[in-house]
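Q: I need the structure of the sequence given here:
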Amino acid sequence: IKVVVSQNSVIENIQDKIADFLNLKFEKKTKEGRAEELWLRLEKEEKVLIILDDMWNEVHLKEIGIPLNENGKGCKIILTTRLMKVCESMECQVIIPVDVLGSDEAWALFRMKANLNERASRDILEEAEKVAEECKGLPVAIVTLAAALKKTKSREGWEVARKKLESSRLVEIGNIGEEERNAYLCIKMSYENLKKESTKRCFLWCGLYPEDHSIEVEDLVRYAWCLELFGKADSVGEVRIQVLEAIDYLKDSCLLLEDGDCGRYGP
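A: Okay, the predicted model is just below:
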């Protein structure tokens with residue numbers, strides 16, 4: 001069972017997601033009542049693994065309804081977080097730090113995502129490797145930037161990209177760490193590399209949704225129609241075509257991910 005928690009976690013939402021995996025229909029309406037139902041249901045499972053993904057704050061498992069005593073011996077928890085304090089406050093038994101990729105792994109991933117095969121010239125590969133080094137081993141930065149530059153066919157194009165990254169500064173953002181800085185710069189360049197302004201507007205609109213939110217295509221279509229994000233259109237159908245085209249561009253640039261549910265996406 002995997003649940004994306006995110007920054008603004010709501011206990012009821014976490015309960016709903018776990019219940020969906022278990023095909024459990026809550027009879028009680030209160031948070032406490034739902035926790036009791038969930039607790040009893042999980043205790044019946046011989047083996048169940050619950051993954052709480054992207055946690056930013058401590059969450060009391062008892063409030064959710066996750067058993068962690070001897071009666072719930074079949075229930076195991078894995079949590080992922082960017083913050084060590086979350087691991088400490090949750091009293092994790094084993095903490096496994098996930099480091100950035102090594103130089104060889106990072107370069108291999110970058111080459112794969114940028115479609116740099118053995119036919120690429122040495123000059124292009126040399127410049128591309130320098131660009132990859134600017135990602136500092138961060139997978140999200142590598143994948144996003146490589147996807148944005150995969151149509152770059154000249155050494156000069158790769159050199160321009162490298163110089164942009166090297167000269168970029170985040171003076172307007174305070175208290176930002178080196179990893180966040182590099183990821184931000186790579187995503188920023190990927191955004192700037194989008195050819196159509198309409199695609200950029202679609203990406204910015206997706207960015208207004210909460211973190212890890214599943215965005216329905218028809219919601220985007222309605223907003224785009226009402227706000228004329230793609231200019232004036234004669235029909236909703238025409239707007240829908242433009243929205244779907246923008247989504248394809250964003251997916252191809254690794255700036256938008258397809259959710260498990262059909263017709264849903266997330267930035």
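Q: any weak-confidence spans in the stretch 151-267 of the chain?
A: Low-confidence segments of the stretch 151-267 of the chain (pLDDT under 70): 168-183, 259-267.
Q: Would you check how far apart the closest residue to residue 121 other than its chain neighbours and residue 185 are?
A: Leaving out its chain neighbours, the residue that sits closest to residue 121 by C-beta to C-beta, 6 or more residues apart in numbering is residue 155, at 7.2 Å. Yep, even glycine has a C-beta here, placed from its N, CA and C like the rest. In this view, residue 155 and residue 185 are 21 Å apart by C-beta to C-beta, to the nearest Å.
Q: Of the two, give the one with the bigger neighbour count.
A: Higher neighbour count among residue 155 and residue 185: residue 185, with 21 against 16, using other C-beta atoms under 10 Å.
Q: Wait, that one touches residue 166, no?
A: No - Residue 185 lies out of contact with residue 166 (C-beta atoms under 8 Å); the separation is 9.8 Å.
Q: what sits in contact with each of the two?
A: With contacts defined as C-beta atoms under 8 Å, 6 or more residues apart in numbering, the residues adjacent to both residue 185 and residue 166 are residue 134.
Q: all strands in the stretch 1-150 of the chain, in order from the N-terminus.
A: Using DSSP state E, counting those that start in this stretch, the strands of the stretch 1-150 of the chain run over residues 2-6, 48-55, 75-81.
Q: Reformat these as a markdown table; add mean pLDDT and distance to residue 236.
A: Shown next, in a markdown table, are the strands of the stretch 1-150 of the chain (pLDDT from 0 to 100; distance: least, C-beta to C-beta, whole Å):
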| stretch | mean pLDDT | distance to residue 236 |
| --- | --- | --- |
| strand 2-6 | 86 | 31 |
| strand 48-55 | 89 | 34 |
| strand 75-81 | 89 | 39 |
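Q: Out of those strands, which gets nearest to residue 197?
A: In terms of C-beta to C-beta, the element of the strands of the stretch 1-150 of the chain nearest to residue 197 is strand 2-6, at 29.6 Å.
Q: So which bits of whichever strand or helix holds residue 204 are buried?
A: Assigned by DSSP states H and E, residue 204 belongs to helix 197-206. Of all the residues in helix 197-206, those buried under the rule 16 or more other C-beta atoms under 10 Å are 198, 199, 200, 201, 202, 203, 205, 206.
Q: From the rest of the structure, what touches it?
A: By C-beta under 8 Å, 6+ apart, helix 197-206 touches 191, 194, 215, 220, 223-224, 229-231, 242-243, 245-247, 249-250, 255-256, 265-267.
Q: May I have that helix as CSV, with CA atoms only?
A: Output of helix 197-206 as CSV, limited to C-alpha atoms (Å, rounded to 0.1, in the frame of the first residue of the first chain):
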residue,chain,number,x,y,z
GLU,A,197,4.1,30.0,-24.9
SER,A,198,0.8,28.1,-24.6
THR,A,199,2.7,25.1,-23.3
LYS,A,200,4.5,27.3,-20.8
ARG,A,201,1.1,28.7,-19.6
CYS,A,202,-0.3,25.2,-19.2
PHE,A,203,2.8,24.2,-17.1
LEU,A,204,2.4,27.3,-14.9
TRP,A,205,-1.2,26.6,-14.4
CYS,A,206,-0.5,23.0,-13.3
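Q: May I have the strands that pair with the helix or strand following that helix, each with its orientation?
A: Remark: after helix 197-206, the chain's next helix or strand is strand 215-216, criterion DSSP H and E. Partner strands and pairing direction for strand 215-216 (DSSP bridges) are strand 264-266 (antiparallel).
Q: In the protein, which helix is the longest?
A: helix 236-252 (DSSP state H).
Q: Give me the helices and strands touching that helix, please.
A: Secondary-structure packing of helix 236-252 (3 or more C-beta pairs under 8 Å, 6 or more residues apart in numbering; DSSP states H and E): helix 197-206, helix 217-227.
Q: Quick check: which of those helices is nearest to residue 19?
A: helix 217-227 (24.3 Å).
Q: how about that closest one: buried residues?
A: For helix 217-227, using 16+ other C-beta under 10 Å, the buried residues are 220, 221, 223, 224, 225.
Q: Tell me which residues touch the fourth one, please.
A: With contacts defined as C-beta under 8 Å, 6+ apart, the neighbours of residue 224 are 202, 205, 230, 239, 242, 243.
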